[in-house]
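S.K.: sequence first, predicted coordinates after that:
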Protein chains: 2
Amino acid sequence: MTQPYDVIGLGNAMVDVLAQCGDDMLHDQGIQKGVMQLIDMDRAVDLYAAIGPAREISGGSAANTLAVLTSLGGTGAYIGKVRDDQLGQIFAHDLRAQGCDYLGPWAAADSAAETGRCIVLVTPDGERSMNTYLGASEHLAAQDLTDVDFAAAKWLYLEGYRFDGPDSFAAFDQAIAATRAGGGRIALTLSDPFCVGRHHAAFLALAQDHVDLLFCNRAELCALYVSDDLPHALMRAGADVDMVVCTDAENGVHIAHNGAVQHIPTHSVDIIDATGAGDAFAGAFLWGLCAGHTLDLCARMGNLAAGHIITQIGARAMVDLRQLFRDHGLI
Amino acid sequence: MTQPYDVIGLGNAMVDVLAQCGDDMLHDQGIQKGVMQLIDMDRAVDLYAAIGPAREISGGSAANTLAVLTSLGGTGAYIGKVRDDQLGQIFAHDLRAQGCDYLGPWAAADSAAETGRCIVLVTPDGERSMNTYLGASEHLAAQDLTDVDFAAAKWLYLEGYRFDGPDSFAAFDQAIAATRAGGGRIALTLSDPFCVGRHHAAFLALAQDHVDLLFCNRAELCALYVSDDLPHALMRAGADVDMVVCTDAENGVHIAHNGAVQHIPTHSVDIIDATGAGDAFAGAFLWGLCAGHTLDLCARMGNLAAGHIITQIGARAMVDLRQLFRDHGLI
């Protein structure tokens, strides 16, 4: 691999299984609303049997981010483990079809764990509650990364959800060292407040020791700094990380950088399905950053992409985001 | 099986792979717009590699029809062959989740032909062009039907696309005889004008000898009676079949019955994706018929369901159709 990628992403490869449901089903199934919960294969089978008709749309947080970045014209590659099964083929196709190189790794078709999937239940308020069977994605290991030319990337984008995998630290360390060796920088998304809680020390050490750009939302940042006080958390994060980009739903975005915090407002939209909002934000922001735009403009790009994603079903854009950006005068 | 089904459907079981594209891609790929073309596995692989990001939504013409019927509260079962693979599981789940019994048959996981899929390319005008890899569905055989209690059904609904399978005649004959033995009636959808052309004599013989209710659109009916004159084709069909229900896009529906033709207008809507319009029409019409409504009201129910389906992506409704019918004062 010699292509100088804007971004190489590393995450849990997932196909989303999206279904609509009422709040009563979340209650009956004991599902916590608005967050990601891990489930095993048995639970995935039981839950799938209980939900309504679904549609399968490629997902995976970092993969969604890379798909946005490359569909905007950035260069990107993605690493996340799937099995060589129908869902794995779907996952790989949908990334490549949006211009993102998919670097695998592939687990053999006869390996025990199927391609990961996320049963996303969308309630009438547009909120999504995610039930993730990690499957093959959990088994990504440091040795899977040996052939990846991280030194060719401007940015390495790490998905916080990967901390839920058994070998995440070693894989992250290897990818970070290789990226640094080529002069690249490190971005991390905190992914989910409960994921931050599960791996708090590891997240904090990673942020403090290695991360140049931290993506998060209000709940995730507050979880990382164990505080309900967002300005306080932003200040502390700004001391640990060069750029902190914290989305705050309809309140817009806060960016901590160079000792100051700036706020970029957003427009509220009617939410159909919140799946992938943060992923799309990060993809558009990173694309803007790689294209040399100001942080303010990057944030407005992120807002526009995220605001579009939540007006449709699924985390992958069904419109030409470049055209959307042109229509809004951002490029 | 002892449940007195309103309808048992027999068709090609498919998962739709829906992607948007421009007319230039249809041209470059040699795809005829607005119709169904059969492709083999190699072509399916090549075409899939060429298209943009897709979403997988259960389809299959008769299965879509049954899903509408059962989601409205009718009782139904569906027969169509899938393989025991991930797409086959998705297909079965999505039918059951809409209240339709899925009777299989299942091909073993290690059999050569995968679950069938239809690569549906949706152009900006909302028209869909279908590229069908029949896969396992092609191999449905008469002996697969031995355990099905067709005599328990008020209606047998036959999908014209099944004529493309090698053993369709025998399977149809067996299902028809068993349904008749229980006093049930026979409905047929002509499916596609080119499919009618490929199997013209068989379609005509089936209509004349066995069919009580014929669903079709203008192009299909004209293909069956080898005429460009719709009134003439309706008259001839009305002589062959008890009820002929011919959709005519934004012109509404023509029903030939008891020697007369009535016309039921419809409202035009902005088309997003035409996939499944005819299927939804038939499902709602059949449900109305089984509920004892007049043909005129059945047609208006069909129009409303079809008009809704084409305002969304995919052939399976994402809203509560019963509520939609209530909102429009149809029930």
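M.R.: Yes, it's here.

S.K.: now the helices for the stretch 51-200 of chain A?
M.R.: Taking DSSP state H, counting those that start in this stretch as the criterion, the stretch 51-200 of chain A contains helices spanning A:61-71, A:86-96, A:168-181, A:193-198, A:200-210.

S.K.: from chain B, how far off is A:Asp40?
M.R.: A:Asp40 sits 17 Å away from chain B, going by CB to the nearest CB, to the nearest Å. To be clear about C-beta, it is placed using only N, CA and C from the backbone, and glycine gets the same treatment.

S.K.: residues of the stretch 101-250 of chain A that sit close to chain B?
M.R.: Residues of the stretch 101-250 of chain A lying close to chain B by CB under 8 Å from any CB of the partner chain are A:Glu114.

S.K.: contact partners for the residue nearest to A:Leu134 when sequence neighbours are not counted?
M.R.: Closest residue to A:Leu134 apart from its sequence neighbours, by CB to CB, 6 or more residues apart in numbering or on different chains: A:Gly116 at 5.0 Å. Contacts for A:Gly116 were tallied using CB atoms under 8 Å, 6 or more residues apart in numbering or on different chains; they are A:12-15, A:60, A:82, A:132-138.

S.K.: picking up where we left off before, and the helices of the stretch 51-200 of chain A as JSON lines, adding mean pLDDT and mean neighbour count?
M.R.: Shown next, in JSON lines, are these (pLDDT from 0 to 100; neighbours: other CB atoms under 10 Å in any protein chain shown):
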{"stretch": "helix A:61-71", "mean pLDDT": "98", "mean neighbour count": "31"}
{"stretch": "helix A:86-96", "mean pLDDT": "98", "mean neighbour count": "23"}
{"stretch": "helix A:168-181", "mean pLDDT": "94", "mean neighbour count": "18"}
{"stretch": "helix A:193-198", "mean pLDDT": "96", "mean neighbour count": "18"}
{"stretch": "helix A:200-210", "mean pLDDT": "97", "mean neighbour count": "16"}
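
S.K.: figure out which of those helices is closest to B:Gly30.
M.R.: Taking CB to CB, helix A:86-96 is the member of the helices of the stretch 51-200 of chain A nearest to B:Gly30, at 20.8 Å.

S.K.: near chain B, anything from that closest one?
M.R.: Yes. Against chain B, helix A:86-96 shows contacts by CB under 8 Å from any CB at A:Gln86, A:Leu87, A:Ile90, A:His93, A:Asp94.

S.K.: re earlier: ok, the residue nearest to A:Leu134 to A:Leu10 distance?
M.R.: From A:Gly116 across to A:Leu10, the span is 14 Å (CB to CB, to the nearest Å).

S.K.: now do the nearest residue to A:Glu138 once chain neighbours are set aside against A:Leu134, distance only.
M.R.: Distances taken as CB to CB, 6+ apart put A:Gly165 closest to A:Glu138, at 4.8 Å, once the chain neighbours are dropped. Counting by CB to CB, the gap from A:Gly165 to A:Leu134 is 7 Å.

S.K.: those two: which has the busier surroundings?
M.R.: Neighbours per residue (other CB atoms under 10 Å in any protein chain shown) separate A:Gly165 from A:Leu134, with A:Leu134 holding more: 26 against 18.

S.K.: contact partners for the more buried one?
M.R.: Counting by CB under 8 Å, 6+ apart, A:Leu134 makes contact with A:Asn12, A:Leu38, A:Ala113, A:Gly116, A:Asp164, A:Gly165.

S.K.: at 10 Å what do you get?
M.R.: Residues near A:Leu134 by CB atoms under 10 Å, 6 or more residues apart in numbering or on different chains: A:12-14, A:38-41, A:44, A:81, A:113, A:116-118, A:140, A:161-162, A:164-166.

S.K.: can you pull the pLDDT of it?
M.R.: On the pLDDT scale, A:Leu134 is placed at 97.

S.K.: spatially nearest residue to A:Gly99 (excluding sequence neighbours)?
M.R.: In space, and not counting its chain neighbours, A:Gly99 is closest to A:Thr70: 3.8 Å by CB to CB, 6+ apart.

S.K.: identify the residues contacting that neighbour.
M.R.: Applying CB under 10 Å, 6+ apart, we find A:Thr70 in contact with A:5-7, A:76-78, A:95-101, A:283, A:287.

S.K.: ok, back up a step: between A:Gly165 and A:Leu134, which contacts overlap?
M.R.: The contact sets of A:Gly165 and A:Leu134 overlap at A:Asn12, A:Lys81, A:Leu140 (CB under 10 Å, 6+ apart).

S.K.: which one (most neighbours) among those?
M.R.: In terms of neighbours by other CB under 10 Å, the shared contacts of A:Gly165 and A:Leu134 top out with A:Asn12 at 29 neighbours.

S.K.: how about the stretch 201-331 of chain A: which residue is closest to chain B?
M.R.: Using CB to the nearest CB, A:Arg316 is the residue of the stretch 201-331 of chain A that sits closest to chain B, at 5.5 Å.

S.K.: now that residue: phi and psi?
M.R.: With angles defined as degrees, to the nearest 10, A:Arg316 sits at phi -110, psi 130.

S.K.: repeat that for A:Met36.
M.R.: phi -110, psi 130.

S.K.: and it, how many neighbours does it have?
M.R.: Other residues close to A:Met36 by other CB under 10 Å number 20.
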